[in-house]
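Asker: sequence and predicted model, in that order:
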Amino acid sequence: MRLHHEKPDGLVFVKGDEIPFISMIISVADTFDAMISTCPYRKGLPPMVAYQENIDKSGTQFSEVVVAGFTKWFEKTKMYAPNKLDSKKKAS
């Protein structure tokens, strides 16, 4: 998807209302997947840390509407464990 790296705050090239909604959805999903996935050069983050990072970026890096939908979905999954959020682990 061509514009999934654009941010609602317009700090890349296109501002919020010019970004296709599907691009905003893909951006949140792609970022979450990248954070929890283990790569040859780093271990994936725990899902709760990645979840919190998406919430923290709501309104700047991600659309608030899309993050609200992501939150609603995520809280219904087995990955959601609010008691397991380790505040010491931060996304880089």
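Answerer: That came through, no problem. Numbering: from 1, shown residues only.

Asker: only the buried residues of the helix or strand that contains residue 30, if you could.
Answerer: Using DSSP states H and E, residue 30 sits within helix 21-36. Within helix 21-36, the residues that count as buried by 16 or more other C-beta atoms under 10 Å are 23-28, 31-32, 35-36. The way it works is simple: take the backbone N, C-alpha and C, and place the C-beta from them, glycine included.

Asker: okay if I get those as JSON lines plus distance to residue 73 and pLDDT?
Answerer: Supplementary listing: the buried residues of helix 21-36 in JSON lines, determined by distance: C-beta to C-beta, whole Å; pLDDT from 0 to 100:
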{"residue": "23", "distance to residue 73": "18", "pLDDT": "89"}
{"residue": "24", "distance to residue 73": "14", "pLDDT": "91"}
{"residue": "25", "distance to residue 73": "11", "pLDDT": "95"}
{"residue": "26", "distance to residue 73": "14", "pLDDT": "94"}
{"residue": "27", "distance to residue 73": "15", "pLDDT": "92"}
{"residue": "28", "distance to residue 73": "10", "pLDDT": "96"}
{"residue": "31", "distance to residue 73": "14", "pLDDT": "96"}
{"residue": "32", "distance to residue 73": "10", "pLDDT": "97"}
{"residue": "35", "distance to residue 73": "16", "pLDDT": "97"}
{"residue": "36", "distance to residue 73": "14", "pLDDT": "97"}
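
Asker: between those, which is closest to residue 79?
Answerer: Residue 79 has its nearest neighbour among these in residue 36, at 8.2 Å by C-beta to C-beta.

Asker: that closest one contacts residue 47, correct?
Answerer: Yes - the criterion here is C-beta atoms under 8 Å, and residue 36 meets it with residue 47 at 5.4 Å.

Asker: got any ranges where this structure has weak pLDDT?
Answerer: Judged by pLDDT under 70, the chain has its weakly predicted residues at 1-16, 85-92.

Asker: if we can go back for a sec, elements contacting the helix holding residue 30?
Answerer: Applying 3 or more C-beta pairs under 8 Å, 6 or more residues apart in numbering; DSSP states H and E, we find helix 21-36 packed against helix 47-56, helix 64-74.
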